[in-house]
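Colleague: below are the sequence and a predicted model for it; my questions follow.
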Amino acid sequence: MTKFLHTETDLKAGLAQLIERDPRLKPVAEKAGDFALRRREPGFPGLAAIVCGQQLSTAAAATIRNRLFAAFDPFHHDAVRRARPDKLRRLGLSNNKIKSLKAIGKAVAEGHIDLNGIGRMDADVAHAELVKLHGVGPWTADIYLLFCLGHADAFPSGDLAVQEAAKIGLGLRKRPNPEKLTKIAEAWRPWRGVAAHLMWAYYHVVKRREGIMQGNASAHPKKPKVATKQRKAAPNRRAGGRS
């Protein structure tokens, strides 16, 4: 049966189950501390927002997303798929993202996919259906399932922060690639989505502490050592006529 993360209570219950399944995550959770459930609007608006943010900084993605949503009131897949490309370009969308949004809107309008009902499927099945959509890759599919639908077993193994957190938290020699991390996460089913939330929280704590340590080091640089003896200067070979 599909499990969901709709509330903070769901998240905490899932975390307890996750740690019971894999005790290695207990110290990770202790260091991460309390972390909040991250949710977004489901359906076409939610997926469109994620597409807008692909390969962009958080600030740039928010600017384009806000322009897009403000341009269409109400925000509906039919309005976006019928919009002139030049209008969408003026909002800051690239040609590839315009093509993606229009293709997704068409798939929804023609009933090829139910962006809300897909959340009731097994995570792997839902993932496979989403990546059939133009412009929806593995990361986008998993982020949509996790954030927009609250699917408790969705797992973005391609997310760099999740990979780095897994490397540090699990004591791995190098950052796992998506395939390796997917294998590691098999032990976390059906709470892989909780594991993703945990890894993000852990990543931010670790990187924040590293930043503080680096800041302290730069604020108190070590004094250079003073040589007690001066070395005899080496002769300049070219000055002697030999090279």
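Modeller: Right, received. Where do you want to start? Numbering: from 1, shown residues only.

Colleague: okay, the residue nearest to Pro190 when sequence neighbours are not counted: pLDDT?
Modeller: Computed as CB to CB, 6 or more residues apart in numbering, the closest residue to Pro190 that is not its neighbour in sequence is Asp153, at 4.5 Å. Just so you know, the C-beta spots here come from the backbone N, C-alpha and C atoms, and that holds for glycine as well. On pLDDT, Asp153 comes in at 98.

Colleague: sec struct for Asp153, please.
Modeller: Of the three states, Asp153 takes coil according to DSSP: H, G, I helix; E, B strand; the rest coil.

Colleague: what of Phe75?
Modeller: When classified by three-state DSSP, Phe75 comes out as coil.

Colleague: so it touches Phe69, yeah?
Modeller: Yes - at 5.2 Å, Phe75 and Phe69 qualify as touching, with contact defined as CB atoms under 8 Å.

Colleague: now do the shared contacts for those two.
Modeller: Contact criterion CB atoms under 8 Å, 6 or more residues apart in numbering; residues shared by Phe75 and Phe69: Pro45.

Colleague: quick check: domain ranges of this structure?
Modeller: The record assigns the chain these domain ranges, following automatic domain parsing: 8-38+156-206, 43-148.

Colleague: to Thr2, which of these lies closest?
Modeller: Nearest to Thr2, of all the domains of the chain, is domain 43-148, at 5.7 Å by CB to CB.

Colleague: chain center to the closest one: distance?
Modeller: When distances are taken as CA atoms, centre = their mean, to the nearest Å, domain 43-148 is centred 16 Å away from the chain's centroid.

Colleague: try stretch 171-185
Modeller: Centre-to-centre, stretch 171-185 and its host chain are 15 Å apart (CA atoms, centre = their mean).

Colleague: quick one: end-to-end length of that stretch, please.
Modeller: Distance between the two ends of stretch 171-185: 15 Å, counting by CA to CA, to the nearest Å.

Colleague: so what touches that stretch?
Modeller: Defining contact as CB under 8 Å, 6+ apart, one finds that stretch 171-185 is touched by 138, 155, 157-158, 160, 162-164, 166-167, 170, 192, 195.

Colleague: how about 6 Å then?
Modeller: Phe155, Ser157, Gly158, Gln163, Glu164, Ala166, Lys167, Arg192 (CB atoms under 6 Å, 6 or more residues apart in numbering).

Colleague: for the last one, which non-adjacent residue is spatially closest?
Modeller: Nearest residue to Arg192 in three dimensions, chain neighbours excluded: Phe155, at 3.6 Å (CB to CB, 6+ apart).

Colleague: other SSEs contacting the one helix or strand in the chain whose mean pLDDT sits lowest?
Modeller: Sorting the helices and strands of the chain by mean pLDDT, DSSP states H and E puts helix 192-219 at the bottom, at a mean of 85. Here helix 192-219 touches helix 8-21, helix 25-32, helix 160-169, going by 3 or more CB pairs under 6 Å, 6 or more residues apart in numbering; DSSP states H and E.
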